[in-house]
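Enquirer: prediction below, plus the sequence it came from.
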Amino acid sequence: MTDALLAASHAGFSYRGGTPVLDDVSLEVHAGRNVALVGESGAGKSTLLRLLLGLATPTSGAILFTGAPLTRGRMRDYRRSVQAVFQDPYSSLDPRQRIGRIVAEPLRGLGLGTDPARVTEALTAVGLPADTATRYPHEFSGGQRQRIAIARAIVCHPKVLLADEPVSALDLTTRIRIVDLLTTLCADRDLTILLVSHDLGVVAELCHHTAVLERGRIVEQGATSSVLGAPSHPYTQKLLASVPRLPQA
C-alpha cells in the first residue's frame with residue numbers, strides 16, 4: 001500500500017504476441033509534488049500514460065489509486081479525481097460544439113449536471129472571459145484552445161492532471177504562459193500534475209520529481225534538481241547532452 005494519489009507498481013505491458021513495451025515500472029504521484037516523465041520517442045511514455053488513465057490494463061503489476069488497485073468499480077471516483085490534457089489543442093476540441101458544452105463534458109460524464117456557473121468558473125480560472133462559452137473552437141488561437149482544454153480538465157476539480165506534452169505544439173511565448181498558468185492552478189486548486197514532456201526546461205520549471213524512461217524501464221528518478229543537474233545514468237546524461245544550447249559569446 002502507498003499514500004500516493006496515483007501510482008504504477010511494478011507495472012508491465014505487452015501487446016499480444018509482442019515484446020514488452022513496459023517492464024517493472026514503479027512511479028508515484030504524491031499530492032503537491034508534480035512529477036515529470038521524460039524519455040525519447042518510443043520509450044513507453046504514452047503507453048504508461050494510457051495505463052495511468054485507465055485506458056489499458058497492465059499485463060503485470062498494478063495501477064494504484066489512493067493506495068488501492070484501480071478497478072472498474074472505482075472508475076467513477078477515479079474519473080472525478082484524475083483528468084487529462086493532451087498535446088494537440090487543434091484536434092482535442094470538437095469543432096462542431098460550442099465551448100461551453102465542451103468544457104462541461106466531464107460534468108455530464110460524471111452525472112454532475114451542466115451548471116453554467118461551473119463552466120464560467122473554469123474558464124475564468126484559465127484566463128478566458130465568460131462569453132467564451134458561446135463560441136466555437138475555430139475562433140481561438142492554439143494557446144487559447146489549450147486553455148479551453150485545461151478548463152475542461154479542471155471543471156470537476158480533479159486532484160491530478162495528466163498532461164501529455166501540453167505545450168509542445170505552441171510557440172515559445174505561449175508555452176511560457178501555459179506553464180505559468182499550470183503553476184498557478186497547482187497553487188490555487190491543490191492540483192498535482194504528472195507531466196509527459198520532451199522539454200526539459202518545462203520539466204525544470206514545473207516539476208519536483210522526474211523519472212527517466214528508456215525502452216520501457218525507468219532507469220533513473222528523483223528530485224528534478226538532482227536528475228537534471230547531476231544525472232547518474234548514461235541515458236539521462238545523453239538526453240541532457242542533446243538539449244540545444246546557444247553558442248558562447
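Expert: Structure received. Numbering: from 1, shown residues only.

Enquirer: now do the SS call for the residue minimising distance to the centre of the chain.
Expert: Centroid-nearest residue in the chain: Ala163, 1.7 Å away (criterion: CA atoms, centre = their mean). The local conformation at Ala163, judged by DSSP: H, G, I helix; E, B strand; the rest coil, is strand.

Enquirer: please report how far it lies from Ala125.
Expert: 16 Å (CB to CB, to the nearest Å). For every residue, glycine as well, the C-beta is placed using N, CA and C.

Enquirer: what does Pro158 give?
Expert: From Pro158 to Ala125 the distance is 13 Å (CB to CB).

Enquirer: then Gln221?
Expert: Counting by CB to CB, the gap from Gln221 to Ala125 is 31 Å.

Enquirer: these two - which one has more neighbours?
Expert: The residue with more neighbours, out of Gln221 and Ala125, is Gln221; 22 against 18, by other CB atoms under 10 Å.

Enquirer: may I ask you to confirm that that one is in contact with Val227?
Expert: Yes. The pair Gln221 / Val227 is scored as a contact, 6.8 Å apart, by CB atoms under 8 Å.

Enquirer: check the contact lists of those two and give me the overlap.
Expert: Taking CB atoms under 8 Å, 6 or more residues apart in numbering as the criterion, Gln221 and Val227 both touch 210, 212.

Enquirer: can you give me the helices in the protein?
Expert: 45-52, 75-81, 99-103, 105-109, 116-125, 142-154, 172-189, 200-206, 224-229, 234-241 (DSSP state H).

Enquirer: ok so, going back, show me what contacts the residue nearest to the centre of the chain?
Expert: 84-85, 182, 193-197.

Enquirer: measure it to Gly216 for me?
Expert: From Ala163 over to Gly216 (counting by CB to CB), the distance is 21 Å.
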